[in-house]
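Visitor: take this sequence and fold it.
(chains A and B)
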There are 2 protein chains.
Amino acid sequence: MSTELWYTERYEEHGAALSLKIREVLHREQSPYQSIEIFETEQFGTLMTLDGLVMVTDRDNFLYHEMMSHPALFTHPAPKRVLIIGGGDCGTLREVLRHREVEEVVQVELDERVTRVAERFFPELCENNNDPRAHFHFTDGIAWVTEAEAGRYDVIIVDSTDPVGPAAGLFATDFYAACHQALADQGVLVAQSESPLLHADLIRQCQQRMTEAGFDAVNSVYFPQFCYPSGWWSGTLGRKGLAMDAFRADEAKAFSGTHYYHAGMQQAAQVAPAFLLP
Amino acid sequence: MSTELWYTERYEEHGAALSLKIREVLHREQSPYQSIEIFETEQFGTLMTLDGLVMVTDRDNFLYHEMMSHPALFTHPAPKRVLIIGGGDCGTLREVLRHREVEEVVQVELDERVTRVAERFFPELCENNNDPRAHFHFTDGIAWVTEAEAGRYDVIIVDSTDPVGPAAGLFATDFYAACHQALADQGVLVAQSESPLLHADLIRQCQQRMTEAGFDAVNSVYFPQFCYPSGWWSGTLGRKGLAMDAFRADEAKAFSGTHYYHAGMQQAAQVAPAFLLP
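Guide: Below you'll find the model as predicted:
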């Protein structure tokens, strides 16, 4: 019997841990911001961790990336200019670029190394990085949004890490207010908002802060995501000058190629568990 | 620093594992059928394992138990006689007994020790075990259904372990056909059908076998369940003489006290991920 290698992420404050069986360590580096590691797993394809936390696996990243992009994009009546904050692995970017009406995607990721490593080890997620509509900036996302021209974007996607360290500011009312300002009328903001099971208070707080920041209709989308703590995740949506049920249903029905999202999922994913009903 | 104790369940064929931090081992026994263990976890309350596999934790069992009961019961126009196969921890039974129109619940669990241990360590799940409507039989569920009078039940809930060992027969077409026979007209069957992420083929097979067994409208409900493999789970519903959208919406809206399920979840939970659309 050969030696077994396991990667384990401990959810310390929740007294739980997830482990994935590893075939090989493919890459390890310390960027100016964090430790980036790439593993070949037994059953989940390639795995990227940042500071020891799972960011993406080949096998289940479709859940998160589809749900952080398509519900927001189909909420907007005609999204042309999209801003992604974070999103260094480019999986969200790939989904956004599948929308033909999108004319420009600006991705602002703090750590260029995450994107360069993803280009090497997650070629599928990065397959459209050369699309002329995609523009990369490796700098601070909060400053980018704060300094953006008013009404510059139709959709802003906050594809961030957990609300600690550099990402903490991405969960603040001030940041949501800056997003509101940077969005055009009929703009949509979506921000990853952690686990309903483990962080229900954070989801409520996200919703409340977006409301305080001026968004007219705020709720969340809920979806499974095995490799994130509890296997259940959320994104919180703020709509500027749009109703809660704004949805381009016909275009969503004609959209194909997704693995989880489809037109029927748009409303279903917005149904909160009883313990998170308003 | 004191010694740390962790319980780990390996999902061997999926190269993954879930661990829960343990405060104390509360109970261990070998029943005639399996090893039963009870742990006090750090963050998930009491944990029961059978043959080393997580069955239930205090913190997240509401997801599974609510979703294995309420969607089926609110699909039936007037459920009076309910049969639960398995369900030894009594969490599903408790949810069924919350329906006042239910007059009789027969629970057929193979291993009496599971129920006796649950009564001691999961008093909340067993709080209504003395309800005069509840009837316990500790015997083989397949034989029970096969020998049942035709049309004897309104709803059958298969709250089983994984499709290996004694539970394998609970996933067979013959068993579903026996359930169909044991159900009255307008009867509803729901069977736990594993993880959409890890066992999509099994879900398709379940749906196909229920259809072959004579059910008129078959689909699945999908829900999060942290402590089961992948954190994402399903139940598959077969309707006898009922349409796919049969639903007592008004009664579901008036139903309270649940933590995950509510009337809005009935349809939302039936929306399949794109990769499981028919």
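
Visitor: switch to C-alpha atoms for all contacts and neighbour counts from now on
Guide: Noted.

Visitor: A:Glu119: neighbour count?
Guide: 18 (other Cα atoms under 10 Å in any protein chain shown).

Visitor: list the buried residues for the helix or strand hosting it?
Guide: For A:Glu119, the host element (DSSP states H and E) is helix A:112-121. Buried positions in helix A:112-121, judged by neighbour count with 16 or more other Cα atoms under 10 Å in any protein chain shown: A:Glu112, A:Arg113, A:Val114, A:Thr115, A:Val117, A:Ala118, A:Glu119, A:Phe121.

Visitor: before we move on, what about stretch A:254-261?
Guide: So for stretch A:254-261, counting by 16+ other Cα under 10 Å, buried means A:Thr258, A:Tyr260, A:Tyr261.

Visitor: restrict those residues to those near chain B?
Guide: A:Thr258, A:Tyr260, A:Tyr261 (Cα under 8 Å from any Cα of the partner chain).

Visitor: please list all residues in contact with the second one.
Guide: I take that to be A:Tyr260. If you count contacts by Cα atoms under 8 Å, 6 or more residues apart in numbering or on different chains, A:Tyr260 has them with A:Phe62, A:Leu63, A:Glu66, B:Pro273, B:Ala274, B:Phe275.

Visitor: mind checking which of those residues are in helices?
Guide: Of the positions in those, A:Phe62, A:Leu63, A:Glu66 sit in helices, assigned by DSSP state H.

Visitor: reformat those residues as JSON lines; add pLDDT.
Guide: Listed next are the ones in helices among the contacts of A:Tyr260 as JSON lines, based on pLDDT from 0 to 100:
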{"residue": "A:Phe62", "pLDDT": "98"}
{"residue": "A:Leu63", "pLDDT": "98"}
{"residue": "A:Glu66", "pLDDT": "98"}
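
Visitor: same list, the residues you listed, but as TSV with distance to A:Met244 and neighbour count please.
Guide: What follows is those, written out as TSV (distance: Cα to Cα, whole Å; neighbours: other Cα atoms under 10 Å in any protein chain shown):
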residue	distance to A:Met244	neighbour count
A:Phe62	25	21
A:Leu63	22	19
A:Glu66	20	21
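
Visitor: still on that earlier bit, what's the farthest-apart pair in the contacts of A:Tyr260?
Guide: For these, with distances taken as Cα to Cα, the pair at the greatest spread is A:Glu66 and B:Phe275 (12.8 Å).

Visitor: quick check: buried residues in the helix or strand hosting A:Val105?
Guide: Using DSSP H and E, A:Val105 maps to strand A:104-108. By neighbour count on 16+ other Cα under 10 Å, the buried set for strand A:104-108 is A:Glu104, A:Val105, A:Val106, A:Gln107, A:Val108.

Visitor: would you list those in TSV and tack on distance to A:Asp162 and pLDDT?
Guide: Below are those laid out as TSV (distance: Cα to Cα, whole Å; pLDDT from 0 to 100):
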residue	distance to A:Asp162	pLDDT
A:Glu104	27	98
A:Val105	23	98
A:Val106	22	98
A:Gln107	18	98
A:Val108	17	98
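
Visitor: quick one: distance of the lengthiest helix in chain A to the chain centre.
Guide: Using DSSP H, we find that the single longest helix of chain A is helix A:200-212. Between the centre of helix A:200-212 and the centre of its chain there are 17 Å (Cα atoms, centre = their mean, to the nearest Å).

Visitor: over to stretch A:234-243?
Guide: Taking mean C-alpha positions (Cα atoms, centre = their mean), stretch A:234-243 and its chain are 15 Å apart.

Visitor: contacts for it, please.
Guide: Against stretch A:234-243 from outside (Cα under 8 Å, 6+ apart): A:67-68, A:72, A:180, A:183-196, A:203, A:206-207, A:210-211, A:214-223.

Visitor: where do the strands sit along the stretch 101-250 of chain A?
Guide: Assigned by DSSP state E, counting those that start in this stretch, the strands in the stretch 101-250 of chain A fall at A:104-108, A:134-137, A:153-159, A:183-192, A:217-224, A:232-240.

Visitor: so what secondary structure elements neighbour the first one?
Guide: Put plainly, it is strand A:104-108. Here strand A:104-108 touches strand A:81-86, helix A:91-97, strand A:134-137, going by 3 or more Cα pairs under 8 Å, 6 or more residues apart in numbering or on different chains; DSSP states H and E.

Visitor: now these as JSON lines including distance to chain B, mean neighbour count and mean pLDDT?
Guide: Output for the helices and strands packed on strand A:104-108, formatted as JSON lines (distance: least, Cα to the nearest Cα, whole Å; neighbours: other Cα atoms under 10 Å in any protein chain shown; pLDDT from 0 to 100):
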{"stretch": "strand A:81-86", "distance to chain B": "25", "mean neighbour count": "25", "mean pLDDT": "98"}
{"stretch": "helix A:91-97", "distance to chain B": "15", "mean neighbour count": "24", "mean pLDDT": "98"}
{"stretch": "strand A:134-137", "distance to chain B": "27", "mean neighbour count": "16", "mean pLDDT": "98"}
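
Visitor: nearest to B:Phe247, of these?
Guide: It is, among the helices and strands packed on strand A:104-108 and with distance given as Cα to Cα, helix A:91-97, at 35.2 Å.

Visitor: does anything pack onto the closest one? Which helices or strands?
Guide: Partner elements for helix A:91-97 (3+ Cα pairs under 8 Å, 6+ apart): helix A:61-67, helix A:70-75, strand A:104-108.

Visitor: just the ones next to chain B among the buried residues of stretch A:254-261 now: which is nearest chain B?
Guide: A:Tyr260 (4.5 Å; Cα to the nearest Cα).
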